[in-house]
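A.B. asks: any chance you could fold what I've pasted below:
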Amino acid sequence: MQPLGRTGAPVLSLLARGGAAACCQAHAMLASGASASQLMPYCSAAPGSSEQPFGGPAPAPATHPTVAECAGSAGTTATATTTSAASSSGRVAPASPAFLAAAAARGLVRATHHLSLAATSAALPCPASASAFTPASASSRAAPLPGGVRHKGTRTNLDEAAQATGLSKPAVSADLLARVKDAGLVRTAGLIGGKWTEVASDKSTFDVVNPATGAVIATLPRMRADETRAAIAAAHSVLPQWRATPARERAAVLRRWHDLILAHKADIAALMTAECGKPTAEALAEIAGGAASVDWFAGEAVRIAGDVLEPPSRDRRMVVLKQPVGVVGAITPWNFPMSMITRKVAPALAAGCTVVLKPAELTPLTAIALAELAERAGLPDGVLNLVLGDAAAIGHELVHSDTVRKIGFTGSTAVGKMLAAGAGAGVKRISLELGGNAPVLVFEDADLELAARGIVASALRNAGQTCICANRVFVHTAVYDRLAEAVVGLVRKLKVGDGAEAGVNVGPLITAAALEKVTGHVNDAVAKGGKLLAGGGRPEAAALAGGAATAGGHFFAPTVIGEATIDMRCFKEETFGPLIPLFRFGSDGEAVLLANTTEYGLAAYFYTRDLGRAWRVAEELEFGMIGLNEVAITSEVAPFGGLKQSGLGREQSKYGIAEFMDVKYVCMGLNYSSPSPSSSPSGSGL
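C.D. replies: Sure, this is the predicted structure:
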């Protein structure tokens, strides 16, 4: 190996580009007689390269910190705590405030290290290495990865000095803190490379509002392109180690995450109800379903299997491998702030991918709690990154980064189309779960009591803000009046109010704009001849569970419209609110035609006791998921996804993990010929 000698200064110049941690590690190794080749894994650029990994000029060799500076503040010895890359414990001695301030001023401290100038007693993280990252059983397979490697699509100038200032520091309301027992789940920060980031690069923030009261419950950093690039870089830097981790060990992390989610379900439900308004009972049900997804994909991790194909000739062998697609960008909606995350993150992690997660701005608190629990479960730094804030800027970076190889998105069809166009330009894999306009068909032989209960449960779940909720109800004219009466009777028994109040069935809409849309659909239906059978407007605050505190909430009374027609907005558009429009039909063919008359194709439901009709209608409906005499159709074991403009790909089930795997074919030539028939032994017949 080449001794440092005269090459020491150039090597340290390269190390400086990797940040303060790399410099400290270099000085420690230099003091112990390390060679240049031992130090090169800590460099962030190849020798002779003039390009910086995260922007800015290369620092002059004379400005490198001394060994004493790396050792820390007064009272800390200057003795190096690490001696080589192979024997590193993963930590170096604390750095002094003066050194950190100087390093930040010179641009040495960058987002990929996430140092805090205030935390003078905290040790600086070393660059990722196999010994520090991977389990012992995998350490021989995962080579150290250079810290801060530049790769196309992840350049950033995010500076740690901005994080240390504390300017525009986010806040949490006393009301929100009072709802939870474990205050550690309530953070106001994104998670990038294993470090919680409380301040955006431009110091901007955004508020999280309780839709039941209109009160601000948290203020968080509005992250944009810089933070997203840093998160992508962090995810990319640990990808080799995570995908090399044995599947059984990845599964163990996921199962610990599952157990922690269930152990903290009350706190997560409280956060979810506070930020999206859904009743506590629904929040708990979502948590149970989301945790089940994590457990399911923990099992799927060890069931990933390729194939050995029968070759056309005996001088070769043909093998099919399944490998993780790479860095995944996950963008999730506000209406299911927990389960939409676990449906994307759990299979990605199980497959060996790393993730950059962008939760909805309206509901980031649940995502933060999940990320905190993932850390507690032992998920390594950088495997799951959380970027909060500007949806357009973050989405643009995820879609256009060459490093991100897969996008998973749940949201509106309009946004999904834009993401699909961007992903197509980069030939990037994408899964889309988009809008729905779910029909319910009630045939004349249906169990009307069962149908009425299913319609109300589906249409009004989460105040109707569900992509698979019953949006259009088609009823055979022979049973129309009886079904309408049963539905109205159930709706009038529902309790509306703050989801945190006991016994509430229907919570608020998420925003004033959502309230305006539902109001517009109801007014349009009435103006076009629809009969108002129940609800129809905003309830009085005094009638709401929660009383005067709900005066600023976005509530709309559960509404039933009779004699609905196809020229109404509620037929053509997804309402996404507590509205049940009832349409008439006279024949099976008419019912199926009405149901299929939409550009959407996510979910559909129908009620009948006729076995032949059941098969025929299920096959004729143009939707990805069908409920026959049942509306509770989602499960971790069943594929979730739609047809037409409702999306691409599938989540959940054994099909879900395939979305995060690449298929690789290997043909192996064995360099021998099969024996000819004439040379085969004869006589035995064996």
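
A.B. asks: could I get the full set of strands for the stretch 351-500 of the chain?
C.D. replies: For the stretch 351-500 of the chain, the strands defined by DSSP state E, counting those that start in this stretch occupy 354-358, 384-386, 404-410, 429-433, 438-442, 470-476.

A.B. asks: need those strands in a markdown table (columns: distance to Val491, mean neighbour count and mean pLDDT).
C.D. replies: (Each C-beta comes from the backbone N, C-alpha and C, glycine too.) Compiled in a markdown table, the strands of the stretch 351-500 of the chain are given as follows (distance: least, Cβ to Cβ, whole Å; neighbours: other Cβ atoms under 10 Å; pLDDT from 0 to 100):
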| stretch | distance to Val491 | mean neighbour count | mean pLDDT |
| --- | --- | --- | --- |
| strand 354-358 | 36 | 28 | 98 |
| strand 384-386 | 39 | 29 | 98 |
| strand 404-410 | 28 | 26 | 98 |
| strand 429-433 | 28 | 23 | 96 |
| strand 438-442 | 15 | 27 | 98 |
| strand 470-476 | 12 | 26 | 98 |
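
A.B. asks: can you put these in JSON lines and add distance to Val504?
C.D. replies: Output for the strands of the stretch 351-500 of the chain, formatted as JSON lines (distance: least, Cβ to Cβ, whole Å):
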{"stretch": "strand 354-358", "distance to Val504": "29"}
{"stretch": "strand 384-386", "distance to Val504": "30"}
{"stretch": "strand 404-410", "distance to Val504": "25"}
{"stretch": "strand 429-433", "distance to Val504": "27"}
{"stretch": "strand 438-442", "distance to Val504": "24"}
{"stretch": "strand 470-476", "distance to Val504": "20"}
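
A.B. asks: Ile192 is nearest to which of these?
C.D. replies: Minimum separation from Ile192 across those (Cβ to Cβ) falls at strand 384-386, 5.3 Å.

A.B. asks: for this protein, give me the ranges with low pLDDT.
C.D. replies: Within the chain, the ranges that satisfy pLDDT under 70 run 1-170, 673-686.

A.B. asks: kindly recompute the last result at 50.
C.D. replies: 1-97, 99-157, 159-169, 679-686 (pLDDT under 50).

A.B. asks: can you list the domain ranges for it.
C.D. replies: Following the TED database, the chain resolves into domains at 169-433, 438-635.

A.B. asks: so for Lys654, which of these sits nearest?
C.D. replies: Closest among these, using Cβ to Cβ: domain 169-433, at 6.7 Å.

A.B. asks: isn't Val442 up against His476?
C.D. replies: Yes - in terms of Cβ atoms under 8 Å, Val442 counts as a neighbour of His476; the distance is 6.4 Å.

A.B. asks: who touches Thr188 in this structure?
C.D. replies: Thr188 makes contact with Pro170, Ala171, Val172, Glu198, Ala218, Thr219, Leu220, Pro221, Ile368, according to Cβ atoms under 8 Å, 6 or more residues apart in numbering.

A.B. asks: return the residues in contact with the second one.
C.D. replies: Remark: with contacts taken as Cβ under 8 Å, 6+ apart, Ala171 is in contact with Thr188, Ala218, Thr219.

A.B. asks: got these as a markdown table, with secondary structure and distance to Leu362 columns?
C.D. replies: Shown next, in a markdown table, are the contacts of Ala171 (DSSP: H, G, I helix; E, B strand; the rest coil; distance: Cβ to Cβ, whole Å):
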| residue | secondary structure | distance to Leu362 |
| --- | --- | --- |
| Thr188 | coil | 15 |
| Ala218 | strand | 11 |
| Thr219 | strand | 14 |
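
A.B. asks: and which of the residues you listed is nearest Leu434?
C.D. replies: Nearest to Leu434, judged by Cβ to Cβ, of those is Ala218 at 28.4 Å.

A.B. asks: that closest one - how many residues pack around it?
C.D. replies: A count of nearby residues for Ala218, using other Cβ atoms under 10 Å, gives 25.

A.B. asks: what is it paired to in the beta sheet?
C.D. replies: Counting by DSSP bridges, Ala218 forms beta bridges with Val172, Val208.

A.B. asks: these two touch, right, it and Val172?
C.D. replies: Yes - if you go by Cβ under 8 Å, Ala218 and Val172 touch, sitting 5.0 Å apart.

A.B. asks: mutual contacts of the two, please.
C.D. replies: Val186, Thr188.

A.B. asks: which stretch of helix or strand covers the spatially closest residue to Val180 that is not a sequence neighbour?
C.D. replies: Once flanking residues are discounted, Val180 sits nearest to Asp267: 4.3 Å by Cβ to Cβ, 6 or more residues apart in numbering. Using DSSP states H and E, Asp267 maps to helix 265-276.

A.B. asks: now that helix, how far from the chain's geometric center?
C.D. replies: In terms of Cα atoms, centre = their mean, to the nearest Å, the centre of helix 265-276 is found 17 Å from the chain centre.

A.B. asks: which neighbouring elements make contact with the following helix or strand past that helix?
C.D. replies: The helix or strand immediately downstream of helix 265-276 is helix 280-301, counting by DSSP H and E. Judged by 3 or more Cβ pairs under 8 Å, 6 or more residues apart in numbering; DSSP states H and E, the packing partners of helix 280-301 are helix 247-263, helix 265-276, helix 339-351, helix 653-656.

A.B. asks: what are the buried residues along helix 280-301?
C.D. replies: The neighbour-count check on helix 280-301 (16 or more other Cβ atoms under 10 Å) flags 280, 282-287, 289-298, 300-301 as buried.

A.B. asks: same check, this time on stretch 395-404
C.D. replies: Quick answer for stretch 395-404 (16+ other Cβ under 10 Å): Gly395, His396, Glu397, Leu398, Val399, Ser401, Thr403, Val404.

A.B. asks: quick one: neighbours of Met668, just the number.
C.D. replies: 11.

A.B. asks: what sits closest to it if chain neighbours are left out?
C.D. replies: Sequence neighbours aside, Arg317 is the residue nearest to Met668 in space, at 4.6 Å (criterion: Cβ to Cβ, 6+ apart).

A.B. asks: what's the answer for Pro558, then?
C.D. replies: Per Cβ to Cβ, 6+ apart, closest to Pro558 is Pro578, 4.4 Å.

A.B. asks: quick one: the one you found from Gln465, how far?
C.D. replies: To Gln465, Pro578 is 9 Å away according to Cβ to Cβ, to the nearest Å.

A.B. asks: of these two, which one has the most company?
C.D. replies: Counted by other Cβ under 10 Å, Pro578 and Gln465 do not tie: Pro578 has more neighbours, with 28 against 25.

A.B. asks: wait, the more buried one sits on Ala557?
C.D. replies: Yes - between Pro578 and Ala557 there is a contact under Cβ under 8 Å: 7.2 Å.

A.B. asks: quick one: contacts for Pro439?
C.D. replies: If a contact means Cβ under 8 Å, 6+ apart, then Pro439 has Ala470, Asn471, Arg472, Val473, Phe474, Leu594, Ala595, Thr598, Ala604, Tyr605, Leu621 as its contacts.

A.B. asks: doesn't Leu593 make contact with the fifth one?
C.D. replies: No - if you go by Cβ under 8 Å, Phe474 and Leu593 don't touch, sitting 10.0 Å apart.

A.B. asks: so Glu449 touches Ala486, yeah?
C.D. replies: Yes - using Cβ under 8 Å, Glu449 is in contact with Ala486, at 6.5 Å.

A.B. asks: those two: who's more crowded?
C.D. replies: Neighbour comparison, Glu449 and Ala486: the larger count goes to Ala486, with 19 against 12 (by other Cβ under 10 Å).

A.B. asks: measure that one to Thr550 for me?
C.D. replies: 29 Å.
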